[in-house]
Structure formats: structure tokens, C-alpha cells
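J.: quick one, structure for this:
(one chain, ligands or ions: 1)
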Amino acid sequence: MGLLSRKATCNSHGQDSSYFLGWEEYEKNPYDEVDNPNGIIQMGLAENQLSFDLVESWLDKNPDVPGFKRDGKSIFRELALFQDYHGLPSFKKSLVDFMAQIRGNKVTFDPNHIVLTAGATSANETLIFCLAEEGEAFLLPTPYYPGFDRDLKWRTGVEIVPIQCTSLNKFRITESALEQAYQDARKRNLRVKGVLVTNPSNPLGTTLSRAEFNLLFDFIKDKETMHLISDEIYSGTVFSSPRFVSVMEILKEMNPTDAAKFWNRVHIVYSLSKDLGLPGFRVGAIYSENDAVVAAATKMSSFGLVSSQTQYLLSAMLGDNKFTNKYMCENQKRLKRRQRMLLTGLQKAGINCLKSNAGLFCWVDMRHLLSSNTFEAEMELWKKIVYQVRLNISPGSSCHCTEPGWFRVCFANMSQDTLNLAMKRFKNFVAHSTGSHGTSSSSSSSSSTLRNSSFSNWVFRLSSRHHRAPEER
Ligand SMILES: Cc1ncc(COP(=O)(O)O)c(C=O)c1O
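T.: Sure, this is the predicted structure:
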């Protein structure tokens, strides 16, 4: 018998994934323009820091709100005592209106069907607790957000079975991949309780197509205990076409007889961590038309409520339509510009990305830089990029991608100058590791290009923090 519980000591949390290890390495040697210019640049964190000025300007213009005042009078006591885990009605209303606005008001949401949670992390876990028993499974298309191993599996004991998507069709969900995942689960004696998709996808930065939705609905249609969860945390980040289509829009467009089969089984997860860039505020939500799910999730939400002062502040901010309109437009423009910068910078280094239209990251193809077509080679390349090039990016294997050589690279959590420096580092790295400038040689070449001696001539040595890398001299 151990001192701690099995849950506390088991490793299904996934904290030893390279996704989290990269963060740890970054923490030990973080880049700072002045204090540590040779440090690691964090490109493994999907944060949106591009539009803080807009939020700050709103706060400046509305000082009563952060000052816990209403019409000039303090409401401190009211906020200090508020403990209803159903949430502030005014906040729930502002939040559902904001969600509708992001979806072009093509759908509306009923505030009575929303459950507030401490971020999407808590929303996803709570939903899984509501929908599945320990030992049952959810199917997830790969590559998927590395945090799902923690959020969906760890405490619930529910399993994730991957729907293997590949670069052959740009990582789209196919009928055969869906069927294969279902068969894989059955072989493992796992009862499948549903499918969870992220729309737009983390890490792909792409939106789900209507064709993919049709496949998913066909798949669950006659399987009456199966659910479809759509994590739409990046819904407000869609910056170019095709436009974002929410699962709710698809349901609404269906003929009512078909839709009736699904209303009780479709659930949305949302959060303000990405669209508003507020992961520290811990504001998430579950939206479901299923009353039993809403009731159960509301009871469970007492373990991860949103504080009343946060709700008060955000109900005022999101209730200001002029602000939210301006914010959404401007934020999407900025994201688009940033994504372009990353694409152009990587192209100059001879690196291509999956075509994307959303998110805070690109799905980057570095297969040609691998010394062999293996995950060991992917790790070898990743370590070089973290320790020598000093960029923390996330290897595809941490997202359960089935093909080695893909990486998620974030672009919205740093300044433009820092992104430019990161692009320089990439370019130098590729140039020196391939012996050419930007056009890289074949991965399968036996004279492993990454072991090229010219590479070691310029790389920053792991141990010497204060040594200057050539491109920064
Ligand atoms: C797809 C997805 N779901 C959920 C989360 C967790 O978000 P939150 O900060 O709201 O808990 C993230 C965070 O990166 C995410 O990418």
C-alpha cells in the first residue's frame, strides 16, 4: 500500500510528454531581449498576446468595472459573498451572446443551457465525467491537443482511442479512419461513448469541413449512447476562409427529424483563454441542450467555479457589443498578419506548413530535416531545436501524430521582433544543417544532414548561456 493514492502517482497525466518538457526547458532559460538574448524562445505555448492593448484600453475607459463598482457605488460585498455555482445571470447572458456573435449570429444559445467552469480544461473533464464511465472510451482525431491526455483521461479513467488522420489528405477525418478507430476500441474491449473534435483544430489550425461533420453525424446516428463533443475554444481565431462553422449551425440546418436524434448528444466546450487571450482568468463553459447533462455538469462545476469578480468584470466587457465587434475584427486581422509572418519566415528557411485559417499556431512540416523517418529522429531534431537553436516547439508525437516530422509552432505569444529573431534562428539552423540556404536536402540521405560539421560550428552550446549565437552578434 503506497503513501499516496494510485491516481496521484499514476503517469497517465502525460506530464512527461515532450509538450510539457519543452515548457520546463524554456523556464530554465527563457529568452529576454535584454536580460537573456540567447535564451529559449517559447513557441510551444498557444497564448494570444496580440490584442491586450484593446482589452487594456477598454479597462481604462471603464474604471468602475475593475474597481468593483456599479454606477459609482462599491459592490465589493455583493461580489465577495456571491457563491451560487450556477453563475451570475448577467455573465451567462453576455457569454452566450458573445458565442453567438463569433458564429455570425447564425445560431443562438440559451443561457440556461450553459455551465460555467474554470477554463476549457475543467469543461472537458466535467463533460467526460458526465458522459462516460471509467474504462469507456472517446475517439479523437489525431493530431490532438496534448493536454487532452490529462483532461479527458487522467482523473476520469476514460480512454482515448485515436482516429488516425494523415498528411495524405491534409489530416482530414475519413470514414475509414473513423471506422478503424471504432474497431480498435472494440478489440481493446472498450465501449465507445463518443467522438471529441476540436474545431478549429489544435494543432492543425484548420476548421472542420461540413463533409467531416456529415461523417461524424452518420457515425453516431444509430449508436444511441454516443455523443459528439466539439471543443470550440479557438472559434474566434478564424482569420481567413473557409469561415468557421460550429457544430450547432450544422444541427440547426439539418432537417428536424434527423436533428432530433442528435440534440441531446451534442455538446460544445468553450473558453475565453484563446479568443480573448485570458487563460489566467480561468473562464470556460459547457453548452448542451441536454437538461440532464446541464444539471449534472452544474453540480460538478462546484469543483471549478469562475470567481464572481471575474464574472462581473467580463459580463460588463462582453456586454459591450461595440467593444466585442471591434476586438474580434482587429484580433483576427492581427492573427492573420502573424500567421503570414511565420509562413514567410519558415518558407525562407525552406520549411512548409499545412494550409491553415485559424488558431495561434501552424502545423509545420519538417520531415525533410529528419535523419530517418522515425519518431526517434523526430526527438533528435526536436532536442536540437530546443537546446541548440533555442526555440521551444511541440513535436507532432506529443500530439499523437502518426507521421514523424511534424511540429506545432505558435506565433501569437511573443512580440514581432521576437518572432523575427525566431525566424532567423530557423533559417540559420536549416542553412547550416543542410549545407544550403533554405533548400533542405532529403531526410533519408545516409549522410545525416543534421550531423553536418558546419552545424556544430555555429550552434550555441547547451551549457553556455552567455555565449552569443552567430545570428545575434
Ligand atoms: C483544444 C483545447 N482545449 C482546451 C484547452 C484548455 O484551455 P483552458 O485554458 O481554457 O483551460 C486548450 C488549451 O490550449 C486547447 O488548446
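J.: mind checking what secondary structure the closest residue to Met300 other than its chain neighbours has?
T.: With sequence-adjacent residues excluded and distances taken as CB to CB, 6 or more residues apart in numbering, Met300 is closest to Thr126, at 4.9 Å. Glycine gets a C-beta too; all of them are placed from N, C-alpha and C. Following DSSP: H, G, I helix; E, B strand; the rest coil, Thr126 is assigned to helix.
J.: so what's the residue of the stretch 1-150 of the chain found nearest the ligand up against?
T.: Closest residue of the stretch 1-150 of the chain to the ligand, CB to the nearest ligand atom: Gly119 (2.8 Å). By CB atoms under 8 Å, 6 or more residues apart in numbering, the contact set of Gly119 is 271, 273, 279, 282-284, 304.
J.: same deal with Arg338?
T.: Contacts of Arg338 by CB under 8 Å, 6+ apart are 50, 411-412, 416, 419.
J.: try 6 Å
T.: 411-412 (CB atoms under 6 Å, 6 or more residues apart in numbering).
J.: quick check: which element contains it?
T.: Here Arg338 sits within helix 321-348, counting by DSSP states H and E.
J.: tell me which residues in that helix are buried?
T.: Under the neighbour-count criterion of 16 or more other CB atoms under 10 Å, helix 321-348 has 323-324, 327-328, 331-332, 334-336, 338-339, 341-343, 345-346, 348 buried.
J.: what's the answer for stretch 303-311, then?
T.: Here stretch 303-311 shows 304-306, 308-311 as buried, counting by 16+ other CB under 10 Å.
J.: cool, stretch 229-240 as well?
T.: 229-239.
J.: what's the first-to-last distance across it?
T.: 24 Å (CA to CA, to the nearest Å).
J.: just want the most central residue of the protein.
T.: What sits nearest the mean C-alpha location of the chain, by CA atoms, centre = their mean, is Asn202, with 4.3 Å.
J.: the residue nearest to it when sequence neighbours are not counted: how many residues sit nearby?
T.: Spatial nearest neighbour of Asn202, chain neighbours left out: Tyr145 (4.5 Å); criterion: CB to CB, 6+ apart. By other CB atoms under 10 Å, the residues close to Tyr145 number 25.
J.: just give me the neighbour total for Asp417.
T.: 9.
J.: what sits against it?
T.: Counted by CB under 6 Å, 6+ apart, Asp417 has zero contacts.
J.: confirm it sits in a helix?
T.: Yes. Judged by three-state DSSP, Asp417 forms part of a helix.
J.: near the ligand, from the buried residues of stretch 229-240?
T.: 231, 233 (CB under 6 Å from any ligand atom).
J.: in CSV: the buried residues of stretch 229-240, plus secondary structure and pLDDT.
T.: Shown next, in CSV, are the buried residues of stretch 229-240 (DSSP: H, G, I helix; E, B strand; the rest coil; pLDDT from 0 to 100):
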residue, secondary structure, pLDDT
Ile229, strand, 98
Ser230, strand, 98
Asp231, strand, 98
Glu232, coil, 98
Ile233, coil, 98
Tyr234, coil, 98
Ser235, helix, 98
Gly236, helix, 97
Thr237, helix, 98
Val238, coil, 98
Phe239, coil, 98
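J.: can you tell me which two in the buried residues of stretch 229-240 are farthest apart?
T.: Largest separation among those by CB to CB: Ile229 and Phe239, giving 24.4 Å.
J.: could you list the domains of this protein?
T.: 6-46+331-472, 64-319 (automatic domain parsing).
J.: and the helices in the stretch 1-150 of the chain?
T.: Counting by DSSP state H, counting those that start in this stretch, the stretch 1-150 of the chain has helices at residues 6-9, 18-28, 52-61, 76-81, 89-102, 119-131, 148.
J.: so which residues on the chain come close to the ligand?
T.: 46, 119-121, 145, 147, 198, 202, 231, 233, 271, 273, 279, 284.
J.: for Asn413, give its distance to Gln49.
T.: For Asn413, the distance to Gln49 equals 5 Å [CB to CB, to the nearest Å].
J.: ok, now Gln42?
T.: For Gln42 relative to Gln49 (CB to CB), the value is 11 Å.
J.: same question, Cys353
T.: With CB to CB as the criterion, Cys353 and Gln49 are 21 Å apart.
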